[in-house]
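J.: Kindly return the folded structure for what I paste below:
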Amino acid sequence: MSNMLASLKESAAKASTSVKSGLGIPHADSNASDDNSEVSMMEEMSEYCPKLTFQQRVIGFATCFTIGYLMTFMSFRLFVKLVEGNPAPFVFLYSSGNIMSLMSSMFLSGPQKQFKYMFDDKRKMTSMVYLISLGTSIAVCFIPFKTGPKIGILVLLLLVQMCASLWYTLSYIPYGRATAIRMLKGTFAMEG
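T.: Residues are numbered from 1 along each chain as shown. Next comes the predicted model:
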């Protein structure tokens, strides 16, 4: 069994080296020790992302972000179908747009840093709420049960998704969350 695993590991390493060479991605020397050649999943994913110039990163970000938000806004044309009991087109387009917009920031910082930023102490809860509401809305869309409660749950999940996305975005703006809280308190005449 261990010989088979070692053979499989060696074959995978050769295939990975071959793919990296074919794509022009630098790879570790084949004589390197096993300790140095093992990398985490995030480091491996980062290696497959090509080195982009600043202009290419900004263009990639702007394109992905714009397409994502266009998809999200276009999904509201399908809101009537959601209310009529056919939630799949709306939920799929809305969630796909949000995923694309979220992935756009990977152009600026790279996948490894993006995941690190998403799950740092300041953003961890918001990111988890956002991703869970995103996944749950897609799952609920395809679970067969009565239309009325299903639509109510989906609308609630989509509102949570929207609020979590906004709160996540505000975490990147200096004093963004504090300003939003101050504005809400002023709007609803709360004492602070």
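
J.: and P144, how many neighbours?
T.: By other C-beta atoms under 10 Å, 5 other residues sit near P144. For every residue, glycine as well, the C-beta is placed using N, CA and C.

J.: just S133 next, same as before
T.: Using other C-beta under 10 Å: S133 sits among 22 other residues.

J.: Look up which helix or strand it falls in, please.
T.: helix 124-142 (DSSP states H and E).

J.: What residues sit buried inside that helix?
T.: Residues of helix 124-142 classed as buried by neighbour count (16 or more other C-beta atoms under 10 Å): 126-127, 129-131, 133-134, 137-138, 140-141.

J.: Okay, now the unreliable bits of this structure?
T.: 1-9, 11-50, 190-192 (pLDDT under 70).

J.: What's the biggest helix in the protein, counting residues?
T.: Taking DSSP state H as the criterion, the chain has its longest helix at helix 147-170.

J.: tell me which strands and helices it is in contact with?
T.: For helix 147-170, the packing partners by 3 or more C-beta pairs under 8 Å, 6 or more residues apart in numbering; DSSP states H and E come out as helix 79-84, helix 88-109, helix 124-142, helix 176-187.

J.: Output those helices as TSV; include the columns distance to W167.
T.: Shown next, in TSV, are these (distance: least, C-beta to C-beta, whole Å):
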stretch	distance to W167
helix 79-84	23
helix 88-109	13
helix 124-142	5
helix 176-187	7
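
J.: Indicate which one of those is closest to V160.
T.: Shortest distance between V160 and those, using C-beta to C-beta, is found for helix 124-142: 4.4 Å.

J.: out of the helices and strands packed on helix 147-170, nearest to T53?
T.: Of the helices and strands packed on helix 147-170, nearest to T53 by C-beta to C-beta is helix 88-109, at 11.3 Å.

J.: can you give me the angle that closest one makes with helix 124-142?
T.: Orientation of helix 88-109 against helix 124-142 (axes from the mean of the first three to the mean of the last three C-alpha atoms, to 10 degrees) gives an angle of 150 degrees.

J.: which one of the helices and strands packed on helix 147-170 lies closest to Y168?
T.: Closest among those, using C-beta to C-beta: helix 124-142, at 4.7 Å.

J.: List of residues touching that closest one?
T.: 87-88, 91-92, 94-95, 98-99, 118-119, 150, 153-154, 157-158, 160-161, 164-165, 167-168, 171 (C-beta atoms under 8 Å, 6 or more residues apart in numbering).
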